[in-house]
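S.K.: sequence first, then the predicted structure, then my questions.
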Amino acid sequence: MSDDFALAEFLFPEDGPEADYESLYPRRAVSEGVMVTRFAPSPTGFLHIGGVYTALINERFAHQSGGRVLLRIEDTDRKREIEKGAEMILEALSQFRVFFDEGVTAEAGEGGGETGVYGPYRQSLRGRVYRDHVKALIRRGKAYPSFATTGELEELRRRQEALGADPGYYGEWALDRDLTFEEIRAKAAAGAPYVVRLRSPGSPGERVGYQDLIKGPLEMQANVQDVVILKTDGLPTYHFAHVVDDHWMGVTHVLRADEWLASAPVHLQLFEAMGWAPPQYGHIAPVLKAEGSSRRKLSKRKDPEAAASYYAELGFPEEAVREYLMMLMNSNYEEWRMERPDAPLEEFPVSFDRMSAGGALLDMNKLADVSKNFIAGLSKEDLYRRIYDWARRYRPDFADILDSDPGYGAEVFHIEREAASPRKDIAKWADGPEVFGYFFDSVFEGAAEARGPLYPEGMKDEDVRAILRAYADVADVADDKNAWMEKIRVLCDGLGYARDKKTYKKAPEAYKGQIGDVTMVIRVALAGRRTSPDLYEMMRVMGRERVAARLGA
RNA sequence: GGCCCGGUGGUCAAGAGGUUAAGACACGGCCCUUUCAAGGCUGUAACACGGGUUCGAGUCCCGUCCGGGUCACCA
């Protein structure tokens, strides 16, 4: 025992006496049912849409219960870290309106800003905290230094494989468990690098169980591995940092991705070794992608839609993305929303019981539908401002086009908005240039070819020309809607088309076609596509000259 | 391979032993409309398989199959 004590001092002499963590990080005064949660990304700069989902879940449960949600940066892997990675993640999160009460903030400054009294909230800045706790574990004989090299570990694995034994550093395979103080001192003095491992109290065959908030009661094999808790570089592994940080930061509910489920026994064991009560765990099913007949987790490398930034770039409104994520989160959200179309989503009571244990496919169709409905409810000023802001950032060429005639641009995007049944033709801002670009001459001219196939099937070129010529003669954007329509009907009479659909249906053989064919020709000539808003409105906005030019073309 | 999680239409899912097995998205049809959308109506389509338990199983039990996660000094 005294050896352990001396070993601890020998390994960590420079730190001196441990801090009084009980007073440094006072216990939070939270009442029953209040949840303190956290989102803890690595600063790789890349935010996965699943990360937004996880963050939103943590935010919702914390705030719904009157608790707090904090943001901690898990930057203990110096190899993967990128510059400004934390800031990039924070920015992405704020794009989706997920905000934190505590932790690392977006404010710049040396190493970034933070708020809250349980910090630092960047793990790379908490070295002393982890070392103190590793030291305490060593002193109590619950952890030990291990000098095994990568090569030796590989060799160990090969022997285990040959014998059919479970791989890993555990039990009788954990040779460094039995190193004497003298041996350790000698190796360390010789400059041999070492890690610190947990002396796992688990025995083969032992089971652990706990109640997962999302998956329900779970039972699995207890951990037997002497997991690394402190790496050669002096920084902790995820496992140890999680235990130390969530304990002292007063986190009550750890809601994290599914992939951590398998290491829950390690975490439970670490909490026990520390003598602390573990938090409640909830393991969140991943967002999946279909691939052939199977499905897999959205991959950062292979799937562009895995990145949170993808949605911002395409211009899905953040409200729509959050709305969709809420539907994924709780299966009754959609029903709730239908009953209360205007209620803020914060009023929806989220519950663990309603969270699916299995992963769901990300359904772009559904997202688009949610988004179309959201956009349809926007005021026309809002819609124009948002599409403009998006373009300025992601499609400056289109923003320039809008700027060249701001009044016209606004009018284009105001067509049929705020009506009884508003258009639902835009699911994301990137659809704007796509669906309305032709209103602008530079875009229209750029796409002049290949219009022929758009005309009604079977219609001859000469018929097309005849319709356009006849219409050009009478078109007047100043007409009121009734006058305009009557002109079209008269034009139909003159050219041999039925003046309305019913007439045509009664005797199709008597006509070349019906009024719809005629308006389609005009539409294609004016818009260069088969779908467009109301023809009359479109011409009114385009104005006399533009209409004349396009009919003549 | 070991351990763990999951499996109701193409997708998200409701369903807590007895239902004609909801609803939404997508897809098709019809209606409305000058037209494009939207909207209204409507249609196609599911309990992975095999054994039990039970008067009765999508619901409970066992097995099989399939899918996923995890087995690092990465998180």
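M.R.: Thanks, I have it. Numbering: from 1, shown residues only, chains lettered A, B, ... in the order given.
S.K.: which residue does the stretch 51-200 of chain A bring closest to RNA strand B?
M.R.: A:Glu74 (2.9 Å; CB to the nearest atom of the strand). Yep, even glycine has a C-beta here, placed from its N, CA and C like the rest.
S.K.: same question but for the stretch 451-553 of chain A, I mixed them up
M.R.: A:Thr531 (2.7 Å).
S.K.: okay but that residue is in contact with A:Asp425, surely?
M.R.: Yes. Under the criterion of CB atoms under 8 Å, A:Thr531 makes contact with A:Asp425 at 7.4 Å.
S.K.: which one's more surrounded, these two?
M.R.: A count of neighbours by other CB atoms under 10 Å puts A:Asp425 above the other of A:Thr531 and A:Asp425, at 17 against 8.
S.K.: nearest spatial neighbour of that one, chain-adjacent residues omitted?
M.R.: Of all residues not flanking A:Asp425 in the chain, A:Val435 sits nearest, at 5.5 Å (CB to CB, 6 or more residues apart in numbering).
S.K.: between A:Thr531 and A:Asp425, which contacts overlap?
M.R.: Residues touching both A:Thr531 and A:Asp425 by CB atoms under 8 Å, 6 or more residues apart in numbering: A:Val435.
S.K.: what segments of the stretch 1-150 of chain A are strands?
M.R.: A:36-39, A:68-71, A:102-104, A:114-115, A:143-146 (DSSP state E, counting those that start in this stretch).
S.K.: now tabulate these in JSON lines and tack on mean neighbour count.
M.R.: As requested, the strands of the stretch 1-150 of chain A are exported to JSON lines (neighbours: other CB atoms under 10 Å):
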{"stretch": "strand A:36-39", "mean neighbour count": "26"}
{"stretch": "strand A:68-71", "mean neighbour count": "26"}
{"stretch": "strand A:102-104", "mean neighbour count": "24"}
{"stretch": "strand A:114-115", "mean neighbour count": "18"}
{"stretch": "strand A:143-146", "mean neighbour count": "23"}
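S.K.: Three-state assignment for A:Asp176, please.
M.R.: helix (DSSP: H, G, I helix; E, B strand; the rest coil).
S.K.: and it, how far from A:Glu9?
M.R.: According to CB to CB, to the nearest Å, A:Asp176 and A:Glu9 sit 19 Å apart.
S.K.: which one of the two has more residues nearby?
M.R.: A:Asp176 (19 against 13).
S.K.: list the contacts for the closest residue to that one other than its chain neighbours?
M.R.: What sits nearest to A:Asp176 in space, not counting adjacent residues and going by CB to CB, 6+ apart, is A:Ser146, at 4.0 Å. Applying CB under 8 Å, 6+ apart, we find A:Ser146 in contact with A:Tyr169, A:Ala174, A:Asp176, A:Tyr194, A:Val195, A:Val196, A:Arg197, A:Asp226, A:Val228.
S.K.: and what of A:Leu11?
M.R.: Contact analysis of A:Leu11 by CB under 8 Å, 6+ apart lists A:Lys135, A:Ile138, A:Pro145, A:Ala188, A:Val196.
S.K.: among those, which two are most distant?
M.R.: The most widely separated members of the contacts of A:Leu11 are A:Lys135 and A:Ala188, with 14.6 Å between them, by CB to CB.
S.K.: settle it for me: which of the two has more neighbours?
M.R.: A:Lys135 (20 against 16).
S.K.: just to revisit the earlier point, want to throw the contacts of A:Leu11 into a markdown table with distance to A:Val244 and pLDDT?
M.R.: Supplementary listing: those in a markdown table, determined by distance: CB to CB, whole Å; pLDDT from 0 to 100:
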| residue | distance to A:Val244 | pLDDT |
| --- | --- | --- |
| A:Lys135 | 12 | 94 |
| A:Ile138 | 14 | 95 |
| A:Pro145 | 18 | 96 |
| A:Ala188 | 24 | 92 |
| A:Val196 | 13 | 97 |
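S.K.: which residues of chain A score low on pLDDT?
M.R.: Applying pLDDT under 70 to chain A flags residues A:1-2, A:108-112, A:292-293, A:446-453, A:553.
S.K.: can you list the domains in it?
M.R.: Residue ranges for the domains of chain A, per automatic domain parsing: A:31-116+A:285-376, A:128-284, A:378-446, A:448-553.
S.K.: do the shortest one and RNA strand B meet?
M.R.: Put plainly, it is domain A:378-446. Yes. Among the residues of domain A:378-446, A:Glu416, A:Ser421, A:Pro422, A:Arg423, A:Lys424, A:Asp425 lie within reach of RNA strand B under CB under 7 Å from any atom of the strand.
S.K.: nearest residue to the fourth one other than its sequence neighbours?
M.R.: In this case it means A:Arg423. A:Glu416 (4.8 Å).
S.K.: and if you look at the fifth one?
M.R.: In space, not counting the residues next to it along the chain, A:Lys424 is nearest to A:Lys372; the distance is 4.3 Å by CB to CB, 6+ apart.
S.K.: one step back: output the contacts of A:Leu11 as TSV; include the columns distance to A:Tyr310.
M.R.: TSV is the format used below for the contacts of A:Leu11 (distance: CB to CB, whole Å):
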residue	distance to A:Tyr310
A:Lys135	45
A:Ile138	46
A:Pro145	45
A:Ala188	49
A:Val196	40
